[in-house]
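S.K.: curious how this folds, go ahead:
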Amino acid sequence: MKPLLLTTALVMAATSVAANRAFVSNERGNTVTVIDTETWQVETEFFAGNRPRGITVSPDGTLLYVCASDDDQVKVFSTETFEELYSLPSGPDPELFTLHPSGNPLYIANEDDNLVTVTDTESHTVLAEIPVGVEPEGMAISPDTKFVINTSETTNMAHFISTEDYEIKHNILVDQRPRYAEYTPDGKRLFVSSEIGGTVSVIDIADDGTPTLNKKIGFEVAGVLPEWLQPVGVKVTSDGSRIFVALGPANRVAVIDGDTLEVLDYILVGQRVWQMAFTPDGAHLMTTNGNSNDITVIDVAKEKAIQSIQVGQQPWGVVVTPN
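M.R.: Numbering: from 1, shown residues only. The predicted model follows:
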């Protein structure tokens, strides 16, 4: 009995410290809203610079990075005290970024200058500026960290940038205004959403890293005009069995089968659903709904929306601290 009791005590202790916080960037409100993901209650809201959009956390969960687009910098906050600790050089108009799994460096899309800026998060210096297509937006890093992906809205391409020499090695043409890129956990597939094109491009990745366009997934919702079906945020479950796609003004999240790539369902959420984030256990998916100023909490197993939480003005991005 003693080992069982010890195990139970350890589980209870782990549960007691496993509370996570979600951070939501409010683009028009210039704030970040903090939500307790156990109670789904808003803890607080704090100023995060002018026009905060892209948002992420350090691997250990202690630092919050926010793209303050109109300040032309990335602001860094404590996830415990919400104090602004320092800012990082980002290039002009940072919108989205991706952080190396080690926590350094940070790869930032500069929409106005057609650049990807590589910033050292420890020395707070710019390591490189990489010319890409027109209006760079989406950013992703491959699970093996060999490539950083940038999607350029006007060029309609996904650029595959080597993390070793910062050179573009491959370009894949996708549909109009690509907004987001997301790898499967095994790195064998990349999904790129195209807001105006109304599709998600499925790009297969060979063992040597060479990308090939596999197919494009379209969407159709009864009673919703085709031009309202605007894919933006994309998230893949840890086992790769489901892909969730935020469909913007359609106010829906599409559910796609990870094996067949068929659309299974559409989940009704708030107005103008934009970005999304899983809780660390993968049980819930949170969506930012820019026009209804709230987030929707989706039960991933049931594939149903279960709660709406009011946040700040025009929520844009969301991230949850890791366990």
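S.K.: residue boundaries of the helices in this protein?
M.R.: With DSSP state H as the criterion, the chain has helices at 2-16.
S.K.: ok, now which ones touch the nearest residue to Asp36 once chain neighbours are set aside?
M.R.: Excluding its sequence neighbours, the residue lying closest to Asp36 (C-beta to C-beta, 6 or more residues apart in numbering) is Glu43, at 5.6 Å. The way it works is simple: take the backbone N, C-alpha and C, and place the C-beta from them, glycine included. Glu43 makes contact with 21, 34-36 under the criterion C-beta atoms under 8 Å, 6 or more residues apart in numbering.
S.K.: now swap in Glu137 and tell me
M.R.: Applying C-beta under 8 Å, 6+ apart, the residues near Glu137 are 95-96, 109, 111, 150-153, 178-180.
S.K.: pick out the lowest-pLDDT one from the residues you listed.
M.R.: Per-residue confidence across the contacts of Glu137 is lowest for Glu111, with 89 (pLDDT).
S.K.: what sits against that one?
M.R.: 69, 93-95, 135-137, 153.
S.K.: redo that, cut-off 7 Å
M.R.: Applying C-beta atoms under 7 Å, 6 or more residues apart in numbering to Glu111 gives the contacts 93, 95, 135-137.
S.K.: out of the residues you listed, flag the one nearest to Ala301.
M.R.: Minimum distance to Ala301 across these is 31.2 Å, recorded for Glu137 (C-beta to C-beta).
S.K.: distance-wise, check that closest one relative to Val174.
M.R.: Distance of Glu137 to Val174, computed by C-beta to C-beta, to the nearest Å: 12 Å.
S.K.: out of the contacts of Glu43, grab the one that's most surrounded.
M.R.: Neighbour count (other C-beta atoms under 10 Å) singles out Ile35 as the most crowded of those, with 24 neighbours.
S.K.: how about the strands in the stretch 1-150 of the chain?
M.R.: 21-26, 31-36, 41-47, 52-57, 63-68, 73-78, 84-89, 94-99, 106-110, 115-120, 125-131, 136-141, 147-152 (DSSP state E, counting those that start in this stretch).
S.K.: got those as JSON lines, with distance to Gly258 columns?
M.R.: Shown next, in JSON lines, are these (distance: least, C-beta to C-beta, whole Å):
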{"stretch": "strand 21-26", "distance to Gly258": "24"}
{"stretch": "strand 31-36", "distance to Gly258": "28"}
{"stretch": "strand 41-47", "distance to Gly258": "33"}
{"stretch": "strand 52-57", "distance to Gly258": "24"}
{"stretch": "strand 63-68", "distance to Gly258": "29"}
{"stretch": "strand 73-78", "distance to Gly258": "32"}
{"stretch": "strand 84-89", "distance to Gly258": "35"}
{"stretch": "strand 94-99", "distance to Gly258": "21"}
{"stretch": "strand 106-110", "distance to Gly258": "26"}
{"stretch": "strand 115-120", "distance to Gly258": "28"}
{"stretch": "strand 125-131", "distance to Gly258": "31"}
{"stretch": "strand 136-141", "distance to Gly258": "17"}
{"stretch": "strand 147-152", "distance to Gly258": "19"}
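S.K.: which among these is found nearest to Glu167?
M.R.: strand 125-131 (8.1 Å).
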